[in-house]
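Q: below is the structure, and that's it, no one-letter string:
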Ligand SMILES: Nc1ncnc2c1ncn2[C@@H]1O[C@H](COP(=O)(O)OP(=O)(O)OP(=O)(O)O)[C@@H](O)[C@H]1O
Ligand SMILES: [Mg+2]
(Lines give C-alpha, C1' and ligand atoms only; values in the text may rest on other atoms or scores of the structure.)
(Ligands and ions follow the chains in the order given, each with its own letter.)
Protein backbone atom coordinates (compact mmCIF):
# COMPACT_ATOMS: atom_id res chain seq x y z
CA UNK A 1 0.00 0.00 0.00
CA UNK A 2 1.45 3.42 -0.92
CA UNK A 3 1.63 6.05 1.79
CA UNK A 4 -0.22 8.70 -0.20
CA UNK A 5 -3.93 8.98 0.41
CA UNK A 6 -6.21 9.56 -2.59
CA UNK A 7 -8.90 12.13 -1.88
CA UNK A 8 -12.14 12.45 -3.79
CA UNK A 9 -14.40 15.50 -3.43
CA UNK A 10 -18.15 15.52 -4.08
CA UNK A 11 -19.99 18.82 -3.80
CA UNK A 12 -22.55 20.64 -5.94
CA UNK A 13 -21.26 24.06 -4.90
CA UNK A 14 -18.59 25.58 -7.11
CA UNK A 15 -17.15 27.76 -4.32
CA UNK A 16 -16.95 24.87 -1.80
CA UNK A 17 -15.22 22.78 -4.44
CA UNK A 18 -12.61 25.45 -5.11
CA UNK A 19 -11.96 26.05 -1.40
CA UNK A 20 -11.57 22.32 -0.77
CA UNK A 21 -9.16 21.87 -3.67
CA UNK A 22 -7.10 24.78 -2.43
CA UNK A 23 -6.94 23.57 1.20
CA UNK A 24 -6.28 19.95 0.25
CA UNK A 25 -3.43 20.91 -2.05
CA UNK A 26 -1.50 21.94 1.07
CA UNK A 27 -1.53 18.37 2.40
CA UNK A 28 1.63 16.70 1.19
CA UNK A 29 0.44 13.15 1.58
CA UNK A 30 -2.89 13.68 -0.21
CA UNK A 31 -3.41 13.39 -3.94
CA UNK A 32 -6.68 14.52 -5.49
CA UNK A 33 -8.61 12.11 -7.67
CA UNK A 34 -10.41 13.32 -10.75
CA UNK A 35 -13.92 14.32 -9.74
CA UNK A 36 -17.12 12.76 -10.94
CA UNK A 37 -20.80 13.07 -10.05
CA UNK A 38 -21.61 9.50 -11.09
CA UNK A 39 -22.16 7.50 -7.88
CA UNK A 40 -21.17 4.14 -9.39
CA UNK A 41 -17.97 5.65 -10.65
CA UNK A 42 -17.30 7.09 -7.18
CA UNK A 43 -17.66 3.63 -5.62
CA UNK A 44 -15.32 2.15 -8.26
CA UNK A 45 -12.72 4.85 -7.69
CA UNK A 46 -12.76 4.30 -3.91
CA UNK A 47 -12.78 0.50 -3.99
CA UNK A 48 -9.20 -0.68 -4.72
CA UNK A 49 -7.63 -2.58 -1.82
CA UNK A 50 -4.07 -1.46 -2.37
CA UNK A 51 -4.66 2.24 -1.65
CA UNK A 52 -6.04 4.46 1.08
CA UNK A 53 -8.89 6.84 0.25
CA UNK A 54 -10.47 9.90 1.74
CA UNK A 55 -13.96 10.79 0.54
CA UNK A 56 -15.11 14.34 1.24
CA UNK A 57 -18.80 14.76 0.55
CA UNK A 58 -20.94 17.87 0.94
CA UNK A 59 -24.52 17.19 2.05
CA UNK A 60 -25.70 20.79 1.71
CA UNK A 61 -27.66 19.61 -1.35
CA UNK A 62 -29.21 16.21 -2.24
CA UNK A 63 -28.85 15.18 1.38
CA UNK A 64 -30.60 11.80 1.27
CA UNK A 65 -28.82 10.67 -1.91
CA UNK A 66 -25.50 11.47 -0.36
CA UNK A 67 -26.35 9.75 2.92
CA UNK A 68 -27.13 6.63 0.86
CA UNK A 69 -23.84 7.06 -0.96
CA UNK A 70 -21.88 7.38 2.32
CA UNK A 71 -23.49 4.14 3.51
CA UNK A 72 -22.56 2.40 0.26
CA UNK A 73 -18.98 3.67 0.48
CA UNK A 74 -18.63 2.52 4.09
CA UNK A 75 -19.95 -0.94 3.19
CA UNK A 76 -18.08 -1.47 -0.06
CA UNK A 77 -14.90 0.58 0.10
CA UNK A 78 -12.92 -0.93 2.95
CA UNK A 79 -9.94 1.44 2.66
CA UNK A 80 -11.94 4.61 2.49
CA UNK A 81 -12.75 7.06 5.29
CA UNK A 82 -15.42 9.69 4.80
CA UNK A 83 -15.62 13.29 5.97
CA UNK A 84 -19.06 14.85 5.60
CA UNK A 85 -19.80 18.55 5.14
CA UNK A 86 -23.02 20.53 5.36
CA UNK A 87 -24.12 24.15 5.46
CA UNK A 88 -26.97 23.16 7.76
CA UNK A 89 -25.60 21.07 10.63
CA UNK A 90 -27.90 19.72 13.32
CA UNK A 91 -27.65 16.95 15.89
CA UNK A 92 -30.03 14.83 13.82
CA UNK A 93 -28.04 15.30 10.63
CA UNK A 94 -24.79 14.43 12.38
CA UNK A 95 -26.37 11.29 13.80
CA UNK A 96 -27.55 10.28 10.31
CA UNK A 97 -24.11 10.95 8.89
CA UNK A 98 -22.33 8.94 11.57
CA UNK A 99 -24.83 6.13 11.24
CA UNK A 100 -24.18 5.99 7.48
CA UNK A 101 -20.49 5.52 8.24
CA UNK A 102 -18.73 8.91 8.10
CA UNK A 103 -16.48 9.53 11.09
CA UNK A 104 -15.88 13.28 10.86
CA UNK A 105 -18.05 16.29 10.13
CA UNK A 106 -17.08 19.80 9.03
CA UNK A 107 -19.55 22.69 8.61
CA UNK A 108 -19.75 24.82 5.45
CA UNK A 109 -18.45 27.54 4.96
CA UNK A 110 -15.26 25.64 5.61
CA UNK A 111 -12.81 26.94 8.18
CA UNK A 112 -9.32 25.78 7.29
CA UNK A 113 -8.37 24.67 10.81
CA UNK A 114 -11.54 22.65 11.24
CA UNK A 115 -11.00 20.87 7.94
CA UNK A 116 -7.37 20.14 8.78
CA UNK A 117 -8.28 18.82 12.19
CA UNK A 118 -10.89 16.48 10.65
CA UNK A 119 -8.43 15.30 7.97
CA UNK A 120 -5.69 14.66 10.52
CA UNK A 121 -8.04 12.67 12.74
CA UNK A 122 -9.25 10.69 9.75
CA UNK A 123 -5.73 9.98 8.54
CA UNK A 124 -4.82 8.77 12.04
CA UNK A 125 -7.64 6.26 11.80
CA UNK A 126 -5.70 4.57 8.99
CA UNK A 127 -2.81 4.05 11.40
CA UNK A 128 -5.00 2.59 14.14
CA UNK A 129 -6.87 -0.09 12.20
CA UNK A 130 -9.92 -0.21 14.39
CA UNK A 131 -11.33 2.67 16.36
CA UNK A 132 -12.97 1.08 19.36
CA UNK A 133 -16.27 2.53 20.43
CA UNK A 134 -17.00 3.05 24.04
CA UNK A 135 -19.01 0.09 25.17
CA UNK A 136 -22.39 0.67 26.77
CA UNK A 137 -23.51 -1.85 29.40
CA UNK A 138 -27.27 -2.12 29.82
CA UNK A 139 -28.86 -4.28 32.51
CA UNK A 140 -32.48 -5.35 32.28
CA UNK A 141 -33.64 -5.75 35.85
CA UNK A 142 -36.64 -6.19 38.14
CA UNK A 143 -36.80 -7.63 41.63
CA UNK A 144 -39.99 -9.42 40.53
CA UNK A 145 -39.91 -12.60 38.45
CA UNK A 146 -41.87 -13.17 35.25
CA UNK A 147 -42.17 -9.48 34.41
CA UNK A 148 -40.66 -9.65 30.91
CA UNK A 149 -36.91 -9.15 31.47
CA UNK A 150 -35.70 -11.94 29.21
CA UNK A 151 -38.14 -11.01 26.46
CA UNK A 152 -36.95 -7.41 26.59
CA UNK A 153 -33.23 -8.20 26.92
CA UNK A 154 -33.16 -10.65 24.00
CA UNK A 155 -35.25 -8.52 21.63
CA UNK A 156 -33.41 -5.32 22.54
CA UNK A 157 -30.02 -6.97 22.01
CA UNK A 158 -31.01 -8.34 18.62
CA UNK A 159 -32.48 -5.02 17.48
CA UNK A 160 -29.36 -3.13 18.63
CA UNK A 161 -27.15 -5.48 16.63
CA UNK A 162 -29.33 -5.05 13.56
CA UNK A 163 -29.58 -1.27 13.77
CA UNK A 164 -25.95 -0.54 14.62
CA UNK A 165 -24.31 -3.55 12.86
CA UNK A 166 -21.90 -3.47 15.80
CA UNK A 167 -21.05 -6.39 18.06
CA UNK A 168 -23.59 -6.86 20.83
CA UNK A 169 -23.18 -9.35 23.70
CA UNK A 170 -26.23 -10.74 25.48
CA UNK A 171 -25.42 -12.25 28.87
CA UNK A 172 -27.69 -14.49 30.89
CA UNK A 173 -27.13 -13.95 34.62
CA UNK A 174 -30.03 -16.22 35.67
CA UNK A 175 -27.77 -19.05 36.72
CA UNK A 176 -29.34 -22.49 36.09
CA UNK A 177 -32.67 -20.84 35.37
CA UNK A 178 -31.67 -18.87 32.28
CA UNK A 179 -34.10 -18.70 29.40
CA UNK A 180 -32.13 -16.91 26.72
CA UNK A 181 -31.00 -20.07 24.95
CA UNK A 182 -34.62 -21.24 24.83
CA UNK A 183 -35.91 -17.84 23.67
CA UNK A 184 -33.35 -17.79 20.83
CA UNK A 185 -33.28 -21.56 20.25
CA UNK A 186 -29.52 -21.84 20.76
CA UNK A 187 -27.40 -24.71 21.99
CA UNK A 188 -24.18 -22.99 22.97
CA UNK A 189 -21.01 -25.02 23.34
CA UNK A 190 -19.67 -22.73 26.06
CA UNK A 191 -21.18 -20.84 28.97
CA UNK A 192 -20.27 -18.12 31.41
CA UNK A 193 -18.36 -20.38 33.82
CA UNK A 194 -16.10 -21.63 30.99
CA UNK A 195 -15.44 -18.01 30.11
CA UNK A 196 -14.53 -17.17 33.69
CA UNK A 197 -12.20 -20.17 33.97
CA UNK A 198 -10.34 -18.88 30.92
CA UNK A 199 -10.54 -15.18 31.66
CA UNK A 200 -6.80 -14.63 31.45
CA UNK A 201 -6.57 -16.15 27.98
CA UNK A 202 -9.38 -14.07 26.58
CA UNK A 203 -8.83 -11.88 23.56
CA UNK A 204 -11.14 -10.76 20.78
CA UNK A 205 -10.66 -13.90 18.67
CA UNK A 206 -11.33 -16.11 21.67
CA UNK A 207 -14.46 -14.16 22.56
CA UNK A 208 -15.95 -14.11 19.08
CA UNK A 209 -15.36 -17.83 18.66
CA UNK A 210 -16.54 -18.83 22.14
CA UNK A 211 -19.70 -16.79 22.50
CA UNK A 212 -22.60 -18.18 20.51
CA UNK A 213 -23.30 -16.07 17.44
CA UNK A 214 -27.00 -15.65 16.72
CA UNK A 215 -27.58 -16.69 13.10
CA UNK A 216 -25.86 -14.26 10.75
CA UNK A 217 -26.25 -11.25 13.04
CA UNK A 218 -23.62 -9.44 15.12
CA UNK A 219 -25.34 -10.63 18.31
CA UNK A 220 -23.31 -12.96 20.55
CA UNK A 221 -24.83 -14.85 23.45
CA UNK A 222 -23.17 -15.88 26.70
CA UNK A 223 -25.39 -18.49 28.32
CA UNK A 224 -25.86 -19.34 31.99
CA UNK A 225 -23.99 -22.36 33.37
CA UNK A 226 -26.24 -25.44 33.37
CA UNK A 227 -24.96 -26.94 36.65
CA UNK A 228 -25.41 -25.58 40.17
CA UNK A 229 -21.85 -26.43 41.08
CA UNK A 230 -20.42 -24.30 38.29
CA UNK A 231 -22.60 -21.35 39.24
CA UNK A 232 -21.74 -21.60 42.94
CA UNK A 233 -18.10 -20.86 42.26
CA UNK A 234 -18.76 -17.59 40.46
CA UNK A 235 -17.75 -14.52 42.47
CA UNK A 236 -19.02 -10.95 41.95
CA UNK A 237 -15.42 -9.83 41.33
CA UNK A 238 -15.22 -12.20 38.37
CA UNK A 239 -18.37 -10.70 36.88
CA UNK A 240 -16.78 -7.23 36.90
CA UNK A 241 -13.64 -8.68 35.34
CA UNK A 242 -15.68 -10.39 32.64
CA UNK A 243 -17.39 -7.13 31.68
CA UNK A 244 -14.06 -5.35 31.48
CA UNK A 245 -12.81 -8.02 29.14
CA UNK A 246 -15.90 -7.90 26.95
CA UNK A 247 -15.81 -4.09 26.71
CA UNK A 248 -13.08 -3.98 24.07
CA UNK A 249 -14.88 -6.29 21.68
CA UNK A 250 -18.51 -5.28 22.06
CA UNK A 251 -20.26 -1.95 21.56
CA UNK A 252 -23.19 -3.01 23.73
CA UNK A 253 -23.44 -5.57 26.53
CA UNK A 254 -27.02 -6.42 27.42
CA UNK A 255 -27.52 -8.27 30.69
CA UNK A 256 -30.56 -10.33 31.49
CA UNK A 257 -30.25 -9.97 35.27
CA UNK A 258 -31.82 -12.24 37.84
CA UNK A 259 -34.72 -11.07 40.01
CA UNK A 260 -32.55 -10.85 43.12
CA UNK A 261 -30.06 -8.61 44.86
CA UNK A 262 -27.30 -11.17 45.18
CA UNK A 263 -23.64 -10.25 44.73
CA UNK A 264 -23.34 -11.06 41.05
CA UNK A 265 -26.46 -9.06 40.16
CA UNK A 266 -25.31 -6.06 42.17
CA UNK A 267 -21.90 -6.33 40.46
CA UNK A 268 -23.68 -6.31 37.09
CA UNK A 269 -25.85 -3.33 38.05
CA UNK A 270 -22.84 -1.44 39.46
CA UNK A 271 -20.99 -1.93 36.20
CA UNK A 272 -23.94 -0.86 34.04
CA UNK A 273 -24.22 2.48 32.29
CA UNK A 274 -27.98 2.05 32.15
CA UNK A 275 -30.41 -0.05 34.15
CA UNK A 276 -33.76 -0.73 32.49
CA UNK A 277 -35.99 -1.30 35.50
CA UNK A 278 -38.96 -3.28 34.21
CA UNK A 279 -42.36 -3.02 35.82
CA UNK A 280 -46.03 -3.40 34.92
CA UNK A 281 -48.92 -1.09 35.72
CA UNK A 282 -50.30 -2.86 38.78
CA UNK A 283 -49.97 -2.06 42.45
CA UNK A 284 -47.81 -4.98 43.68
CA UNK A 285 -45.33 -4.50 40.82
CA UNK A 286 -45.15 -0.76 41.39
CA UNK A 287 -44.54 -1.28 45.14
CA UNK A 288 -41.63 -3.55 44.27
CA UNK A 289 -40.31 -1.04 41.79
CA UNK A 290 -40.46 1.67 44.47
CA UNK A 291 -38.35 -0.55 46.74
CA UNK A 292 -35.87 -1.10 43.96
CA UNK A 293 -35.55 2.62 43.36
CA UNK A 294 -34.93 3.17 47.07
CA UNK A 295 -32.21 0.56 47.05
CA UNK A 296 -30.61 2.03 43.93
CA UNK A 297 -30.56 5.40 45.66
CA UNK A 298 -28.80 3.85 48.65
CA UNK A 299 -26.31 2.22 46.28
CA UNK A 300 -25.57 5.74 45.03
CA UNK A 301 -26.75 5.21 41.44
CA UNK A 302 -27.22 8.33 39.39
CA UNK A 303 -30.94 9.06 38.83
CA UNK A 304 -30.40 9.08 35.07
CA UNK A 305 -28.80 5.66 35.10
CA UNK A 306 -32.04 3.93 36.10
CA UNK A 307 -34.84 4.05 33.51
CA UNK A 308 -38.39 2.87 34.03
CA UNK A 309 -39.79 0.51 31.40
CA UNK A 310 -43.47 -0.33 31.70
CA UNK A 311 -44.09 -3.73 30.14
CA UNK A 312 -47.44 -5.08 28.94
CA UNK A 313 -48.78 -1.54 28.74
CA UNK A 314 -52.43 -1.03 27.74
CA UNK A 315 -54.09 2.31 27.02
CA UNK A 316 -57.11 1.26 29.07
CA UNK A 317 -55.13 0.11 32.12
CA UNK A 318 -56.77 1.19 35.35
CA UNK A 319 -53.47 2.63 36.54
CA UNK A 320 -52.55 5.32 34.03
CA UNK A 321 -49.17 6.47 32.83
CA UNK A 322 -49.31 9.60 35.01
CA UNK A 323 -50.17 7.47 38.07
CA UNK A 324 -47.11 5.28 37.50
CA UNK A 325 -44.89 8.35 37.19
CA UNK A 326 -46.42 9.85 40.32
CA UNK A 327 -46.00 6.71 42.41
CA UNK A 328 -42.41 6.23 41.29
CA UNK A 329 -41.55 9.97 41.20
CA UNK A 330 -39.81 9.25 37.93
CA UNK A 331 -40.69 9.59 34.26
CA UNK A 332 -41.45 6.48 32.23
CA UNK A 333 -38.59 5.91 29.82
CA UNK A 334 -40.35 3.37 27.60
CA UNK A 335 -43.66 1.52 27.33
CA UNK A 336 -43.90 -1.90 25.72
CA UNK A 337 -47.42 -2.80 24.64
CA UNK A 338 -49.19 -5.88 25.86
CA UNK A 339 -49.32 -8.52 23.15
CA UNK A 340 -49.46 -11.94 24.73
CA UNK A 341 -50.18 -13.75 21.48
CA UNK A 342 -47.22 -12.28 19.54
CA UNK A 343 -44.79 -12.79 22.44
CA UNK A 344 -45.92 -16.33 23.27
CA UNK A 345 -45.81 -17.54 19.69
CA UNK A 346 -42.29 -16.10 19.34
CA UNK A 347 -41.13 -17.72 22.60
CA UNK A 348 -42.70 -21.06 21.67
CA UNK A 349 -40.97 -21.04 18.31
CA UNK A 350 -37.64 -19.91 19.80
CA UNK A 351 -37.55 -16.90 17.47
CA UNK A 352 -37.43 -13.22 18.54
CA UNK A 353 -40.70 -11.46 17.87
CA UNK A 354 -38.96 -8.96 15.59
CA UNK A 355 -38.02 -11.80 13.25
CA UNK A 356 -41.21 -13.81 13.58
CA UNK A 357 -43.50 -10.87 13.05
CA UNK A 358 -41.77 -7.54 12.63
CA UNK A 359 -45.00 -5.61 12.11
CA UNK A 360 -46.52 -6.34 15.54
CA UNK A 361 -46.76 -3.49 18.04
CA UNK A 362 -44.28 -5.20 20.41
CA UNK A 363 -41.68 -5.79 17.67
CA UNK A 364 -41.95 -2.14 16.61
CA UNK A 365 -41.62 -1.05 20.24
CA UNK A 366 -38.38 -3.07 20.76
CA UNK A 367 -36.96 -1.72 17.52
CA UNK A 368 -37.78 1.89 18.42
CA UNK A 369 -36.32 1.40 21.89
CA UNK A 370 -33.05 0.12 20.39
CA UNK A 371 -33.01 3.04 17.98
CA UNK A 372 -33.67 5.48 20.84
CA UNK A 373 -30.88 4.03 22.98
CA UNK A 374 -28.31 4.00 20.19
CA UNK A 375 -29.31 7.49 19.00
CA UNK A 376 -28.94 8.82 22.51
CA UNK A 377 -25.49 7.33 22.76
CA UNK A 378 -24.40 8.82 19.43
CA UNK A 379 -26.07 12.09 20.43
CA UNK A 380 -24.15 12.24 23.72
CA UNK A 381 -20.86 11.59 21.94
CA UNK A 382 -21.66 13.96 19.08
CA UNK A 383 -22.78 16.77 21.32
CA UNK A 384 -19.48 16.49 23.20
CA UNK A 385 -17.47 16.32 20.00
CA UNK A 386 -19.27 19.03 18.04
CA UNK A 387 -20.30 21.27 20.92
CA UNK A 388 -18.82 24.38 19.32
CA UNK A 389 -20.39 23.83 15.91
CA UNK A 390 -23.82 23.09 17.32
CA UNK A 391 -23.75 25.91 19.85
CA UNK A 392 -23.10 28.39 17.04
CA UNK A 393 -26.21 27.36 15.13
N1 LIG B 1 -45.05 -7.23 26.10
C2 LIG B 1 -45.61 -8.36 26.51
N3 LIG B 1 -46.90 -8.63 26.23
C4 LIG B 1 -47.50 -9.76 26.67
N5 LIG B 1 -46.87 -10.72 27.35
C6 LIG B 1 -45.59 -10.54 27.64
C7 LIG B 1 -44.87 -9.36 27.26
N8 LIG B 1 -43.60 -9.47 27.70
C9 LIG B 1 -43.52 -10.65 28.35
N10 LIG B 1 -44.70 -11.30 28.32
C11 LIG B 1 -45.04 -12.59 28.94
O12 LIG B 1 -44.46 -12.66 30.20
C13 LIG B 1 -43.84 -13.91 30.38
C14 LIG B 1 -42.59 -13.74 31.17
O15 LIG B 1 -41.63 -13.07 30.37
P16 LIG B 1 -40.08 -13.24 30.62
O17 LIG B 1 -39.71 -14.67 30.67
O18 LIG B 1 -39.39 -12.38 29.64
O19 LIG B 1 -40.00 -12.61 32.08
P20 LIG B 1 -38.74 -12.59 33.08
O21 LIG B 1 -38.89 -11.35 33.87
O22 LIG B 1 -37.49 -12.81 32.34
O23 LIG B 1 -39.06 -13.84 33.98
P24 LIG B 1 -38.04 -14.59 35.03
O25 LIG B 1 -38.00 -13.73 36.24
O26 LIG B 1 -38.73 -15.89 35.26
O27 LIG B 1 -36.74 -14.72 34.35
C28 LIG B 1 -43.59 -14.47 28.98
O29 LIG B 1 -43.80 -15.83 28.95
C30 LIG B 1 -44.56 -13.76 28.13
O31 LIG B 1 -45.64 -14.60 27.92
MG1 LIG C 1 -36.05 -14.33 32.56
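A: Yep, that arrived. From a predicted model like this one, the values you see are computed outputs, not experimental measurements. Ligands and ions are numbered 1, 2, ... in the order given.
Q: how about the strands of the stretch 1-150 of the chain, start to end?
A: In the stretch 1-150 of the chain, the segments counted as strands under DSSP state E, counting those that start in this stretch are 5-10, 30-32, 52-58, 80-86, 104-107, 136-141.
Q: can you say which of those is nearest to residue 161?
A: strand 136-141 (12.9 Å; C-beta to C-beta). (Glycine included, C-beta is placed from N, CA and C.)
Q: export the strands of the stretch 1-150 of the chain to a markdown table and tack on mean neighbour count?
A: Output for the strands of the stretch 1-150 of the chain, formatted as a markdown table (neighbours: other C-beta atoms under 10 Å):
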| stretch | mean neighbour count |
| --- | --- |
| strand 5-10 | 20 |
| strand 30-32 | 16 |
| strand 52-58 | 24 |
| strand 80-86 | 24 |
| strand 104-107 | 22 |
| strand 136-141 | 24 |
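Q: now these as JSON lines including distance to ligand 1?
A: Listed next are the strands of the stretch 1-150 of the chain as JSON lines, based on distance: least, C-beta to the nearest ligand atom, whole Å:
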{"stretch": "strand 5-10", "distance to ligand 1": "45"}
{"stretch": "strand 30-32", "distance to ligand 1": "53"}
{"stretch": "strand 52-58", "distance to ligand 1": "42"}
{"stretch": "strand 80-86", "distance to ligand 1": "38"}
{"stretch": "strand 104-107", "distance to ligand 1": "38"}
{"stretch": "strand 136-141", "distance to ligand 1": "8"}
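Q: can I get those in JSON lines including mean pLDDT and distance to residue 334?
A: JSON lines is the format used below for the strands of the stretch 1-150 of the chain (pLDDT from 0 to 100; distance: least, C-beta to C-beta, whole Å):
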{"stretch": "strand 5-10", "mean pLDDT": "95", "distance to residue 334": "39"}
{"stretch": "strand 30-32", "mean pLDDT": "92", "distance to residue 334": "46"}
{"stretch": "strand 52-58", "mean pLDDT": "95", "distance to residue 334": "35"}
{"stretch": "strand 80-86", "mean pLDDT": "95", "distance to residue 334": "30"}
{"stretch": "strand 104-107", "mean pLDDT": "92", "distance to residue 334": "29"}
{"stretch": "strand 136-141", "mean pLDDT": "96", "distance to residue 334": "11"}
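Q: could you point out which of the ones you listed sits nearest ligand 2?
A: Of all these, it is strand 136-141 that lies closest to ligand 2, at 8.8 Å by C-beta to the ion.
Q: quick one: what helix or strand has the residue in the stretch 151-300 of the chain that ligand 1 sits nearest to in it?
A: Proximity of the stretch 151-300 of the chain to ligand 1 (C-beta to the nearest ligand atom) peaks at residue 151, 3.4 Å away. Assigned by DSSP states H and E, residue 151 belongs to helix 149-164.
Q: tell me how far that helix lies from the chain's centre.
A: The chain centre lies 10 Å from the centre of helix 149-164; the measure is C-alpha atoms, centre = their mean, to the nearest Å.
Q: so where's the chain shaky on pLDDT?
A: 1-2, 127-133, 227-231, 378-379, 381-393 (pLDDT under 70).
Q: so what's the closest residue to ligand 2 within it closest to, chain neighbours aside?
A: Nearest residue of the chain to ligand 2, counting by C-beta to the ion: residue 150, 3.2 Å away. Nearest residue to residue 150, sequence neighbours excluded (C-beta to C-beta, 6 or more residues apart in numbering): residue 179, at 4.6 Å.
Q: hmm, the one you found is touching residue 152, no?
A: No: at 11.9 Å, residue 179 does not count as touching residue 152 under the criterion of C-beta atoms under 8 Å.
Q: these two: who's more crowded?
A: Per other C-beta atoms under 10 Å, whichever of residue 179 and residue 152 has more neighbours is residue 152, with 24 against 17.
Q: pretty sure the more buried one is touching residue 309, no?
A: Yes: using C-beta under 8 Å, residue 152 is in contact with residue 309, at 6.8 Å.
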